[in-house]
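[1] Need a 3D model of the following:
(one chain, ligands or ions: 1)
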Amino acid sequence: MNFKNKNILLGVTGGIAAYKAVELLRLLKKAGANVNVVMTHSAKKFVGRTTFEVLSENKVLLDLFSDTESSVTHIDLATNAHAVLIAPATANIIAKLAQGIADDALTTTMLAVTSPVMICPSMNSDMYANIRVQRNLDILEEDGFNILDPDSGVLACKSVGAGRLPDPWFIFDRFEAMLVKKDLKNKKILISAGPTVEAIDPVRFVSNHSSGKMGYAIAQAAEKRGGQVTMVSGPVSLDPPVGVECIDVVSCEEMAQQMLSHLPGSDIIIKVAAVADYKPVDPADNKIKKKDHGKNIAISLIENPDIIKLIGAKKTKEQFLVGFAAETNDLEKNALLKIKKKNLDMIAANLVGSSDSGFKADTNKVKLFSRDGSSLDIPLMEKSKLANILLDHIIEKIG
Ligand code: PMT
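    Residues are numbered from 1 along each chain as shown. Now for the predicted structure:
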């Protein structure tokens, strides 16, 4: 989601977690948003308004009467906001919003807001569990507010339970997801990502340079667009995207088993994984010792199952199968051949071997080829952006 030219209203209330709102503001600004902070007097006891003013590059609204340049600043802020995020949200603000009370700058502004709102409750676990707080949260939910559940853990008051404000990156991720159009709602999407690792012995293996970045970016984008995403991933050092069911595998055999068992019921299957085409015939049980071999050692390899070909043979007419092709030459010829041989609906072909596309890079450049003969050149861009263009194209094809 592009936050450029988006006005985001960040409401900060008086909880110990108010310091996390500073990092949230930073993340929103980094994403390109214009952020206006409205804070309560209690919030000011935890974080100074200057911090928010410097980082947001906007005046903070704290007092309805003394802070405003015009008598309707709060209305302007509410009307111009594309979305509102209140973090942390205390029991007090939750109660006031649920009852429509307007007795300070934030609550008064909120009554005039018509854009999507996310509320992030944060308080002591007994307060959070209190029936009145829960009742107020239910009211807000029924009114169309999005409530982000607090984390559980040790709280500032040393008690343990639900009430901790989630990490800023997580709040940002869910806030962004709230604003993305849900054009993959009710779609089950099965993705494979990362490399496969084929053992030679307990310490050595055959694999490739896939970092998982491309596959993870597609899984993350599809989840934000409302898809129910399952990702089968080879060993990578990335965190699983929020909301995605992630199944870790190591070898091609394991990936094949998981992909085939999740195939029934999937609407869209995207095979981004770089699967090892061959594996050692007979992996050694113990570490192969140098002293047992001369200057040369030969490792016999045997063909791995072609997972996407197996899926292509099994898939129903309703299932849409997308492959990736990593090529060092003859991109178009090889990609078109793979569509035919593996019964694909679409293939994303990328030239690998340069530092800014293909393996490991944050960016990629692909050409999409469809079974119907159409093609689309996608220039070099961030993998996260490319993921969304790929999904747009798939949605267009499946209607
Ligand atoms: O992970 P990153 O570092 O972000 O890098 C991304 C990427 C370069 C790995 C990705 O963009 C990519 O190109 N993935 C496909 C890599 C690949 O295995 O290409 P291929 O041309 O060898 O295979 C074609 C298709 O067959 C792929 O969809 C592959 O998943 C599938 N395949 C291949 C072999 C096999 N035994 N089983 C398969 O399913």
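[2] can you pull the contacts of Glu318?
    Asp267 (C-beta atoms under 8 Å, 6 or more residues apart in numbering). For the C-beta atoms, the positions are set from N, CA and C on the backbone; glycine is no exception.
[3] What residues does the stretch 201-350 of the chain have near the ligand?
    Proximity of the stretch 201-350 of the chain to the ligand, by C-beta under 6 Å from any ligand atom, involves residues 210-215, 252, 271-275, 277, 304, 306-308, 323-326, 338, 350.
[4] what about 5 Å?
    With C-beta under 5 Å from any ligand atom as the criterion, the stretch 201-350 of the chain comes near the ligand at residues 210-214, 271, 273-275, 304, 306-308, 323-326, 350.
[5] Pull out the buried members of these.
    210-214, 271, 273-275, 304, 306-308, 323-326, 350 (16 or more other C-beta atoms under 10 Å).
[6] Among those, name the ones in helices.
    If you go by DSSP state H, these have Lys213, Met214, Ile307, Ile308 in helices.
[7] Between the residues you listed, which sits nearest Asp285?
    Ile307 (26.4 Å; C-beta to C-beta).
[8] how about the nearest residue to the closest one, chain neighbours excluded?
    In space, Ile307 comes closest to Ala256 once its chain neighbours are excluded; the distance is 4.6 Å by C-beta to C-beta, 6 or more residues apart in numbering.
[9] mind listing what's buried in the helix or strand containing that neighbour?
    Per DSSP states H and E, Ala256 falls inside helix 252-262. For helix 252-262, the neighbour count (16+ other C-beta under 10 Å) marks Cys252, Glu254, Met255, Ala256, Gln258, Met259, His262 as buried.
[10] Identify, from these, the entry nearest to the ligand.
    Cys252 (5.6 Å; C-beta to the nearest ligand atom).
[11] Nearest spatial neighbour of that closest one, chain-adjacent residues omitted?
    Asn304 (4.0 Å).
[12] Pick out the residue nearest the middle of the chain.
    Closest residue to the average C-alpha location of the chain: Gln220 at 3.4 Å, with C-alpha atoms, centre = their mean.
[13] so which helix or strand takes in that residue?
    Judged by DSSP H and E, Gln220 forms part of helix 213-224.
[14] name the helices or strands packed onto that helix?
    Secondary-structure packing of helix 213-224 (3 or more C-beta pairs under 8 Å, 6 or more residues apart in numbering; DSSP states H and E): helix 168-179, strand 188-193, strand 228-233, strand 268-271, helix 383-398.
[15] Distance to Pro240 added to those, as TSV?
    Output for these, formatted as TSV (distance: least, C-beta to C-beta, whole Å):
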stretch	distance to Pro240
helix 168-179	12
strand 188-193	10
strand 228-233	7
strand 268-271	16
helix 383-398	15
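[16] Figure out which of these is closest to Arg135.
    Closest approach to Arg135 among these is made by helix 168-179 (23.0 Å; C-beta to C-beta).
[17] what about the closest one, average pLDDT?
    Across helix 168-179, pLDDT averages out at 96.
[18] Measure how that helix sits relative to helix 213-224, angle-wise.
    60 degrees (axes from the mean of the first three to the mean of the last three C-alpha atoms, to 10 degrees).
[19] May I see the buried residues of helix 168-179?
    So helix 168-179, judged by 16+ other C-beta under 10 Å, has buried residues Pro168, Ile171, Phe172, Asp173, Arg174, Phe175, Glu176, Ala177, Met178, Leu179.
[20] Which residues are in contact with the fourth one?
    Listed by C-beta under 8 Å, 6+ apart, the contact set of Asp173 reads Val242.
[21] sorry, back to before: export only the CA atoms of the helix holding Gln220, formatted as CSV.
    Output of helix 213-224 as CSV, limited to C-alpha atoms (Å, rounded to 0.1, in the frame of the first residue of the first chain):
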residue,chain,number,x,y,z
LYS,A,213,12.2,-12.7,-0.6
MET,A,214,10.1,-13.0,-3.8
GLY,A,215,7.8,-15.7,-2.4
TYR,A,216,7.4,-14.1,1.0
ALA,A,217,6.5,-10.7,-0.7
ILE,A,218,3.8,-12.4,-2.7
ALA,A,219,2.4,-14.3,0.4
GLN,A,220,2.4,-11.0,2.3
ALA,A,221,0.7,-9.0,-0.4
ALA,A,222,-2.0,-11.8,-1.0
GLU,A,223,-2.8,-11.9,2.7
LYS,A,224,-3.2,-8.1,2.9
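[22] Next, the angle helix 383-398 makes with that helix.
    Put simply, helix 213-224 runs at 60 degrees to helix 383-398, going by the same axes, to 10 degrees.
[23] what about helix 213-224, distance to the chain center?
    Distance of helix 213-224 from its chain centroid, counting by C-alpha atoms, centre = their mean, to the nearest Å, is 6 Å.
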